[in-house]
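Student: what would the 3D arrangement of this be:
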Amino acid sequence: MIILNKIIWEPSSTIFSIGNFGIHYYSLMFIIAFLFGFNIMKRMYVKENIPTERLETMLFYIVLSTLIGARLGHVIFYDWAYYQNHLLEIFLPIEKSTNGYSFTGFRGLASHGAAIGILTGIIVYQNIYKEKTLLWILDRLIIPTTLGAGFVRIGNFFNSEIVGKYTGNNFGVIFVNRGETMPRHPAQLYEAVCYFILFFILTQIYRSEFKNKSGFLLGFFMLTLFSIRFLIEFIKESQGGFETILPLFSTGQWLSIPLIFSGIIVLIRSINISKNQVY
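Tutor: Purely as a prediction, here's the structure:
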């Protein structure tokens, strides 16, 4: 329902439910992200005449490491005060209530933790199978990862979480299911759109000669994606974490800074190497 330029947002976060078990839009966005990602990687492998037999194995490592990393990232960076007394809820999709435990799904996931998790999972995968160098894999993997990040933010929008600050005017989204009556910035959608644009840019770079510069795509991805995250954090509501100890920036911004500088270092290194370097 649209009133002038305000959007009244009151969706159900659940597609359907059976008893206490439900399928959430957020979970659906994760599934879509992984399916799209697998198909994009497969097309790149086929295009470059690389055998695709182990892509299913790589997908397993990515899915597992993403979920573990994202979950631990949320627990450690944002909500350890709660989870230190609810250890069972860290890796089980449940929440303790007065009637015992209820199924909630994994809604507490952190993108910075996911980034660390994916990197760790791919390092383990590459060390076991050694079919290509780590940078070769990462240069290609970041393309579907960027698309997936956009889908995840759409899932956050359906969940009415990671919201923006109040706009202070008639523009924005009113998250009615949060009990609100004033419009906020739809920060989740801002971020999703930026990630989709970045995905398009990365696909164009992949089609150019820069694809042959080891680490160029990875460095550009880290610099750009986490710069986007850093800037959008200025209009997000606080997600908690350690910003009370380091109050200059939000937790998300502090976590983005080392990744931005890492991207700059990788990018500079890549630019300084020959485009004809063999991976």
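Student: hang on, residue 95 packs against residue 89?
Tutor: Yes - with contact defined as C-beta atoms under 8 Å, residue 95 and residue 89 form a contacting pair (6.2 Å). The C-beta positions use only the backbone N, C-alpha and C, and glycine is treated the same way.
Student: more neighbours: which of those two?
Tutor: residue 89 (18 against 14; other C-beta atoms under 10 Å).
Student: dump the residue contacts of the more buried one.
Tutor: Counting by C-beta atoms under 8 Å, 6 or more residues apart in numbering, residue 89 touches 83, 95, 96.
Student: JSON lines for the residues you listed, including distance to residue 24 and pLDDT?
Tutor: Below are the contacts of residue 89 laid out as JSON lines (distance: C-beta to C-beta, whole Å; pLDDT from 0 to 100):
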{"residue": "83", "distance to residue 24": "20", "pLDDT": "83"}
{"residue": "95", "distance to residue 24": "14", "pLDDT": "72"}
{"residue": "96", "distance to residue 24": "19", "pLDDT": "71"}
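Student: quick one: which of those residues sit in helices?
Tutor: residue 83 (DSSP state H).
Student: mind putting the contacts of residue 89 into a markdown table with distance to residue 205?
Tutor: Output for those, formatted as a markdown table (distance: C-beta to C-beta, whole Å):
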| residue | distance to residue 205 |
| --- | --- |
| 83 | 39 |
| 95 | 42 |
| 96 | 47 |
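Student: from the contacts of residue 89, pick the one nearest residue 234.
Tutor: residue 83 (27.4 Å; C-beta to C-beta).
Student: show the pLDDT at the closest residue to that closest one other than its chain neighbours.
Tutor: When the adjacent residues along the chain are set aside, residue 83 lies closest to residue 75, with 4.7 Å between them (C-beta to C-beta, 6 or more residues apart in numbering). We have a pLDDT of 86 for residue 75.
Student: now do residue 102
Tutor: pLDDT, read off for residue 102, is 65.
Student: output the below-cut-off pLDDT ranges for the stretch 101-250 of the chain.
Tutor: 101-107 (pLDDT under 70).
Student: and residue 174, that one's in a strand?
Tutor: Yes - when the secondary structure is assigned by DSSP: H, G, I helix; E, B strand; the rest coil, residue 174 falls within a strand.
Student: roughly how far does it sit from residue 238?
Tutor: 20 Å (C-beta to C-beta, to the nearest Å).
Student: tell me which of the two has more neighbours.
Tutor: The neighbour count for residue 174 versus residue 238, taken as other C-beta under 10 Å, is higher for residue 174 (18 against 12).
Student: wait, doesn't that one sit right on residue 8?
Tutor: Yes - with contact defined as C-beta under 8 Å, residue 174 reaches residue 8; the gap is 5.2 Å.
Student: which helices and strands does the longest helix seen in the chain pack with?
Tutor: Criterion DSSP H: the longest helix present in the chain is helix 134-158. For helix 134-158, the contact count by 3 or more C-beta pairs under 8 Å, 6 or more residues apart in numbering; DSSP states H and E identifies helix 25-47, helix 111-129, helix 187-206, helix 216-232 as packing neighbours.
Student: thanks a lot, see you next time.
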